[in-house]
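[1] Let's see this in three dimensions:
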Amino acid sequence: QHKRREGTLQRLIAPAPYEIPSPCPHAASWPLLIETTAFTLYFFTWKLCMAVTLARAPRLAEVGVLGSAYALLLAFTGLGYVLFWVAHSYLPSPKERKSLAAVVLAFCSGGSIVMMTTQRIEILLAASCVTILALGCIGGGIHYGFSLVSYGSEFSGRALGIGMGVSSLLQYVVEAMGLTPVVFVICVVLSLFAIMWLATRPAKRWGREQDPAAKQAPVVGRRPITILVVAAVAMTLDYGLLDSVLVWKYASGEIVTAGLSKIVNALFLPLVGVLFDLKKGNLRSLITVCVMFLIAVATPAAEEDEWVGVATVMAGVYGAFYVMYLSASFMRIAPDTSRPEVIASVGRAVSCFMGAVGALFARPFFESCGVVATVGVSCLLSIICLLILLRDIAWGVTKGLGEDGVAFGGDLPRPSGPSREEALDTYIEKLGLTAREAEVCGLLLSTDLGVQEIADEIFISRRVAQRHIAAIYEKAGVTTRLGLYRDFDAWFDEGAN
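    Numbers count the residues shown, from 1 in each chain. Okay, the predicted model is just below:
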């Protein structure tokens, strides 16, 4: 089989797709360690850049600018993930991907220098947004790589929790030791070069070599992904009610230090990873929804000066569950979808965009409507999230306490209808394809092979393969392979299930 070589920078922005390996439940190996290390360095760099901007912004302007700055940074992080999705879809050649990767890394390095040297709030925010945008783009590639390598592993939750916990602890240690401009730039540049070096490690090739012949058609449709996205929106708005208030209180000096909250968050993240790995991940939704009600308890505490420390600790605890759930849930089901490079980081993108909304409106709502209304909204969001995931929770408890089966990613039950492999045959019949067109269509929808590779696979010329593909697109009413994927997904969600 044809193997694409991935350059040092290419994989950071748009890793070349490959055939998804068969699940390997006990795969706590070097590939997973490499991806976990890269994730740790990325998350550490992102958190450090966020912290530096939020610490410097009130010094260069009034405290009131903090909410807007926080919202801006979260929004640009989300845009960075979107940039990765676009780059992966529309930059097919390795040369284009390497060029974009070089630009992204240059923006990260240059932006970090400007962030620590400028004395103007406009330049600080501009440099921070560019740096955060580039980091988000890198983060999209890292989420994608981690989801593929950890696919089916019973250690995925622990690996992700340890990575996030170590990054949070590193951020706290660096800030506690004195974050000078030189130290900050060195941390960012060294982390980027380490990520670049890790990108050259053959982690995905090792994963594929576990089963070189493994070919797996997508089995997750739009419905479960939509459910997870809606749950992510509810969780983010709930967490944002308290998080935005605490960030503003910290910037205004009402909270002397957030060190305890950071330590609690860092220590809880590995623990959450362990909990999420229990019963093959079937209890993650139940655990997270139960912890959501901590926000309702912590919100009143944030108003009283003597209890604000308790509120920050509770926020750190729930923050660990919240960020782990949004990352782990989507990354775990991503390899079972038709667009794993997108789904792997959808949870983080949604949390960033909705977090930006919360950063703008949470504190004004808290101050104008009072504690009672804020607690009511928090409880309502928790109940909405509970209702959205109720079927998954009930299914997870049944599976976790009874049978050994596991759904895709352990999040939502498998559909009761035909599998996507079975539905693919029906879809091909619906289009009225010839025998050879059916063969080509199956390869288009179930593999990542290019035109020449498809031609080699079924022993025809490239020109003939292109004619078959054009005929398939015409009969399906689409113009691109992406359109064919979407047409099949829409048909599968509406009819096959």
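[2] and Cys369, how many neighbours does it have?
    Residues lying near Cys369 (other C-beta atoms under 10 Å) number 12. All C-beta spots, glycine's among them, are computed from the backbone N, C-alpha and C.
[3] ok, now Glu474?
    Here the count is done by other C-beta under 10 Å, and Glu474 has 11 residues near it.
[4] The helix or strand hosting Val323: how far from the chain's middle?
    Per DSSP states H and E, Val323 falls inside helix 308-333. Taking C-alpha atoms, centre = their mean, to the nearest Å, one finds helix 308-333 lying 14 Å from the centre of the chain it belongs to.
[5] Now the element after it, going C-ward?
    Next along the chain after helix 308-333, taking DSSP H and E as the criterion, comes helix 340-343.
[6] Quick one: list the elements packing against the helix or strand just after that following helix.
    Using DSSP H and E, the helix or strand that follows helix 340-343 in sequence is helix 346-388. Judged by 3 or more C-beta pairs under 8 Å, 6 or more residues apart in numbering; DSSP states H and E, helix 346-388 is in contact with helix 65-90, helix 121-149, helix 222-251, helix 284-292, helix 294-303, helix 308-333.
[7] how many degrees apart are the second one and helix 308-333 in direction?
    Counting by axes from the mean of the first three to the mean of the last three C-alpha atoms, to 10 degrees, helix 121-149 points 50 degrees away from the direction of helix 308-333.
[8] Centre of the chain to helix 121-149, how far?
    For helix 121-149 - counting by C-alpha atoms, centre = their mean - the centre lies 12 Å from the chain centre.
[9] From the contact counts, what lies against the very next helix or strand once past that helix?
    Per DSSP H and E, the first helix or strand lying C-terminal to helix 121-149 is helix 156-176. If you count contacts as 3+ C-beta pairs under 8 Å, 6+ apart, helix 156-176 packs onto helix 30-60, helix 259-277, helix 308-333.
[10] Could you tell me which ranges of this protein sit under the pLDDT cut-off?
    Within the chain, the ranges that satisfy pLDDT under 70 run 1-29, 63-64, 200-221, 244-259, 295-309, 366, 371, 394-421, 494-497.
[11] Nearest residue to Thr131 in space, please, no chain neighbours.
    Spatial nearest neighbour of Thr131, chain neighbours left out: Gly111 (3.3 Å); criterion: C-beta to C-beta, 6 or more residues apart in numbering.
[12] Let me know the secondary structure of the one you found.
    The three-state assignment at Gly111 reads helix, by DSSP: H, G, I helix; E, B strand; the rest coil.
[13] how near is it to Leu125?
    Gly111 sits 11 Å away from Leu125, going by C-beta to C-beta, to the nearest Å.
[14] What of Val229?
    According to C-beta to C-beta, Val229 stands 29 Å off from Leu125.
[15] Which one's more surrounded, the two?
    For Val229 and Leu125, the more surrounded residue by other C-beta under 10 Å is Leu125, and the numbers stand at 23 against 18.
[16] list the contacts for the more buried one?
    When the contact criterion is C-beta atoms under 8 Å, 6 or more residues apart in numbering, the partners of Leu125 are 53, 57, 69, 72.
[17] what about it, distance to Gly78?
    Distance from Leu125 to Gly78, by C-beta to C-beta: 16 Å.
[18] was I right about Ala234 contacting Leu381?
    Yes: the criterion here is C-beta atoms under 8 Å, and Ala234 meets it with Leu381 at 4.9 Å.
[19] Determine how far stretch 44-64 lies from the middle of the whole chain.
    23 Å.
[20] that older thread, could you tell me how many residues sit around the residue nearest to Thr131?
    For Gly111, the tally of surrounding residues (other C-beta under 10 Å) stands at 21.
[21] so it sits right up against Leu124, yeah?
    No: Gly111 is beyond contact range of Leu124, at 10.3 Å (criterion: C-beta under 8 Å).
[22] And Leu433, its phi and psi?
    Leu433 adopts backbone torsions of phi -80, psi 150, taken as degrees, to the nearest 10.
[23] Phi and psi next, for the residue nearest to it when sequence neighbours are not counted.
    Leaving aside its sequence neighbours, Leu433 sits nearest to Cys441 (C-beta to C-beta, 6+ apart; 5.8 Å). Backbone torsions for Cys441, taken as degrees, to the nearest 10, come to phi -60, psi -40.
[24] Specify the angle between the host helix or strand of Trp197 and helix 156-176 in degrees.
    Assigned by DSSP H and E, Trp197 belongs to helix 181-199. Computed by the same axes, to 10 degrees, the angle separating helix 181-199 from helix 156-176 equals 160 degrees.
[25] helices or strands up against helix 181-199?
    Under the contact criterion of 3+ C-beta pairs under 8 Å, 6+ apart, helix 181-199 touches helix 10-13, helix 30-60, helix 94-117.
[26] could you dump these to a markdown table with distance to Leu360?
    Conversion of the helices and strands packed on helix 181-199 to a markdown table gives the following (distance: least, C-beta to C-beta, whole Å):
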| stretch | distance to Leu360 |
| --- | --- |
| helix 10-13 | 30 |
| helix 30-60 | 15 |
| helix 94-117 | 22 |
